[in-house]
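>>> could you work out the structure for the sequence below:
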Amino acid sequence: MTKETGYAVCRELETEPNNDYIIELLERLEGENPCVAEFISRMAIQHEDPVGISTAALLVYRLLESQLESNCMKKQLDV
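Residues are numbered from 1 along each chain as shown. You can find the predicted model right below:
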């Protein structure tokens, strides 16, 4: 994971008011990868702070997704 990816995801998060970014991310994940969305939901409800757990999991997912996007773009540009 690069610092640049982390900064980019932080900026994405900061541009949306309230929890809109996380809500939109969860909705997109439910459509694109329902197995992962269900896993996050099941893990979250087992903890004292399900919102915190699911938010952290969704942000880690977005960081990994964003890094993959960055790596793919770099690869395409190097060709």
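>>> now for Leu58: which residues touch it?
For Leu58, the contacting residues are Ile22, Leu25, Leu26, Leu29, Ile40, by C-beta atoms under 8 Å, 6 or more residues apart in numbering. (Each C-beta comes from the backbone N, C-alpha and C, glycine too.)
>>> ok, for the fourth one, nearest residue in space, not its chain neighbours?
Spelled out, it's Leu29. Ala37 (4.5 Å; C-beta to C-beta, 6 or more residues apart in numbering).
>>> list the buried ones in the host helix or strand of the one you found?
Using DSSP states H and E, Ala37 sits within helix 34-45. By neighbour count with 16 or more other C-beta atoms under 10 Å, helix 34-45 contains the buried residues Ala37, Ile40, Ala44.
>>> ok, now stretch 9-23?
Buried, per 16+ other C-beta under 10 Å, within stretch 9-23: Val9, Leu13, Tyr21, Ile22.
>>> only alpha carbons, please: show that stretch as CSV.
Written as CSV, here are the backbone C-alpha positions of stretch 9-23 (Å, rounded to 0.1, in the frame of the first residue of the first chain):
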residue,chain,number,x,y,z
VAL,A,9,-8.9,7.4,-0.1
CYS,A,10,-8.8,9.9,2.8
ARG,A,11,-9.7,12.6,0.4
GLU,A,12,-12.5,10.6,-1.0
LEU,A,13,-13.8,10.1,2.6
GLU,A,14,-13.5,13.7,3.5
THR,A,15,-15.4,15.0,0.4
GLU,A,16,-18.7,13.2,1.4
PRO,A,17,-20.8,14.6,4.3
ASN,A,18,-21.8,12.4,7.3
ASN,A,19,-21.5,8.7,6.5
ASP,A,20,-22.5,9.0,2.9
TYR,A,21,-19.1,7.7,1.6
ILE,A,22,-19.3,4.6,3.8
ILE,A,23,-23.0,4.0,2.9
